[in-house]
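*Asks:* build the 3D model from these lines:
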Amino acid sequence: MPDALPLFTAVDLARLYNFPAAAPGQTVGIILLGGGLKAKATCFETYFDRLGLPLPEITVVPVGGAQNRPAPYASMARLLMGLQAGSVGAPAAGLGAPPPTHTGGHAHLQRRQHRDLHLHRHPGFVAPMGAEPVDALTVAWTLEGIMDVELIGAMAPGAALRIYVADGGDGVDLGQVDRALSLALDAAIDDGVSVINASLGYPEAAKESWRRSESALKRAWQAGIPVCCASGNDGSTASTGLSGPSLGVQFPASSPWSLAVGGTRLERDETGALVGEHTWNEQQLGARYGSGGGFSRQFNRPLWQLGLQRCIGGRRGVPDVAANASFSTGCWLWLQPEGGKGPQGINTTSTGTSAAAATWSALLSRLRGALGGAPLRADQLYKAAARAALRSDLPGTNSTSSEIPDFVASAGWDPCTGLGAPDGEALYLALGGQPGGAQKAHDEGDACG
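*Replies:* Residues are numbered from 1 along each chain as shown. Sure, this is the predicted structure:
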């Protein structure tokens, strides 16, 4: 554990985004399609204690016969330390891409399967040579869960966290993924959670591939439960499952019933104050990453996107909104061996649009609490008052391949950052909150900084 808090934490991020005060009684559902978590993990106790925050109530809920199988610390540490030491090769294709035509060892297959897990240090986890005995997907999903718990728990203190673990297999069989995702969504809806976080992404493929999940997402919409989905880290070049790079977006972010969350890069001055924000697009670890965005091949444009100047054609535009996703401005995270004490552990940071989705999950949890539990859906953010509460001028592009055209961000909705990044207090007022009815996050967080 560090002697002093690192420069930038999730508490700081909530303050920069002007989150309204946390309200009791909210529950955030977090979906994992593999791995698992220990509810009373030592790393969580240390992390929240260091931030001066209470440990959230964490419940792990296996669904559909899945097992809660957290990866051991040693396997996760080898992966992270390999990234930090630069001993890991750059990622190649997406989680849902077909298996490689040649099998140059298990590590090669792992590299082909991890780009879309949107995890910690680097949004596409790749496995260093010899990083077993646990399969890389178990490691990656466990790390994803740790990031989601630490970010959401810190930005929405007081919210209960329910971790729904379903078996998505190797991520290649989209039928199995569809079944697992729908089971997790249905379980969260049945439990009456306030918000669902789904930091995952797969090729759109045929619309029929996602029949069950699409039905569950619509059910969440009808119940007024927002489902925050990562838009992906491949910019305008989604992992479509097609041969070679191509324009595309990822599911479930491409579903009109989800809240698709893209990525930004923060710009802060020497005091830590926010002085600018840009579309996320950067070169790291031998690859280029950027805010996933574009237009669906499978889903029609919903009514609330009609009339948007940059949303052309008849297809669903992605993303809806955005938040911090950059390597350079990631929030501090902590990984620690079970039962470990003292300084033993690893400092790492949040990265990718899964971190951005977790940020919006925390914000919407606070908003639902501050608004008395009122339903929240993506279409409400497209109304004029709410759009005015979002910062849409986030310059940049989201191209990650020289072979594919990029999209350019502009004021208003665009296929890089959607409607923009949040001002939580302004959004609270735009959605019907009363002036003075929600204390700002920077007031409540002063003791944590």
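*Asks:* scan this structure for its longest strand.
*Replies:* strand 259-268 (DSSP state E).
*Asks:* the helix or strand just after that one pairs with which strands?
*Replies:* On the C-terminal side of strand 259-268, the closest following helix or strand by DSSP states H and E is strand 274-279. Strand 274-279 sits in its sheet next to strand 259-268 (antiparallel), going by DSSP bridges.
*Asks:* what comes up buried for the strand it pairs with?
*Replies:* 259-266, 268 (16 or more other CB atoms under 10 Å). No exception for glycine: its C-beta is placed from N, CA and C like everyone else's.
*Asks:* could you do stretch 364-379 as well?
*Replies:* Buried, per 16+ other CB under 10 Å, within stretch 364-379: 364-371, 376-379.
*Asks:* can you pull out the helices in the stretch 151-300 of the chain?
*Replies:* 174-190, 211-222 (DSSP state H, counting those that start in this stretch).
*Asks:* may I see the buried residues of the longest one?
*Replies:* This means helix 174-190. Buried residues in helix 174-190, defined by neighbour count with 16+ other CB under 10 Å: 174, 176-189.
*Asks:* just the CA trace of it, in CSV.
*Replies:* Extracted in CSV, the C-alpha atoms of helix 174-190 (Å, rounded to 0.1, in the frame of the first residue of the first chain):
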residue,chain,number,x,y,z
LEU,A,174,-21.7,-15.9,-29.4
GLY,A,175,-24.7,-18.1,-28.6
GLN,A,176,-23.2,-19.0,-25.2
VAL,A,177,-22.3,-15.3,-24.6
ASP,A,178,-25.8,-14.2,-25.5
ARG,A,179,-27.3,-16.8,-23.0
ALA,A,180,-24.9,-15.8,-20.3
LEU,A,181,-25.4,-12.0,-20.7
SER,A,182,-29.2,-12.4,-20.8
LEU,A,183,-29.2,-14.5,-17.6
ALA,A,184,-27.1,-11.9,-15.8
LEU,A,185,-29.3,-9.0,-17.0
ASP,A,186,-32.5,-10.8,-16.1
ALA,A,187,-31.2,-11.6,-12.6
ALA,A,188,-30.2,-8.0,-12.0
ILE,A,189,-33.5,-6.7,-13.2
ASP,A,190,-35.4,-9.3,-11.0
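*Asks:* my guess is residue 77 meets residue 335, correct?
*Replies:* Yes: using CB atoms under 8 Å, residue 77 makes contact with residue 335 at a distance of 7.0 Å.
*Asks:* about what we covered before: distance to residue 413, pLDDT and secondary structure added to the buried residues of stretch 364-379, as a markdown table?
*Replies:* Shown next, in a markdown table, are the buried residues of stretch 364-379 (distance: CB to CB, whole Å; pLDDT from 0 to 100; DSSP: H, G, I helix; E, B strand; the rest coil):
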| residue | distance to residue 413 | pLDDT | secondary structure |
| --- | --- | --- | --- |
| 364 | 19 | 97 | helix |
| 365 | 24 | 97 | helix |
| 366 | 24 | 96 | helix |
| 367 | 20 | 96 | helix |
| 368 | 23 | 95 | helix |
| 369 | 27 | 94 | helix |
| 370 | 25 | 93 | helix |
| 371 | 24 | 94 | coil |
| 376 | 19 | 93 | coil |
| 377 | 17 | 93 | coil |
| 378 | 12 | 94 | helix |
| 379 | 13 | 95 | helix |
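*Asks:* now the two most distant members of those residues.
*Replies:* Pairwise distances across the buried residues of stretch 364-379 (CB to CB) peak at 20.6 Å, for the pair 369 and 379.
*Asks:* where does the stretch 301-449 of the chain dip in pLDDT?
*Replies:* Counting by pLDDT under 70, the stretch 301-449 of the chain has low-confidence residues at 310-312, 340-343, 437-449.
*Asks:* go again with 90.
*Replies:* Confidence mapping of the stretch 301-449 of the chain against pLDDT under 90 gives the ranges 306-315, 327-328, 336-348, 393, 395-412, 434-449.
*Asks:* all helices of it, in order?
*Replies:* 353-370, 378-381, 384-388, 424-430, 441-444.
*Asks:* adding distance to residue 295, write those out as JSON lines.
*Replies:* Shown next, in JSON lines, are those (distance: least, CB to CB, whole Å):
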{"stretch": "helix 353-370", "distance to residue 295": "17"}
{"stretch": "helix 378-381", "distance to residue 295": "16"}
{"stretch": "helix 384-388", "distance to residue 295": "20"}
{"stretch": "helix 424-430", "distance to residue 295": "26"}
{"stretch": "helix 441-444", "distance to residue 295": "34"}
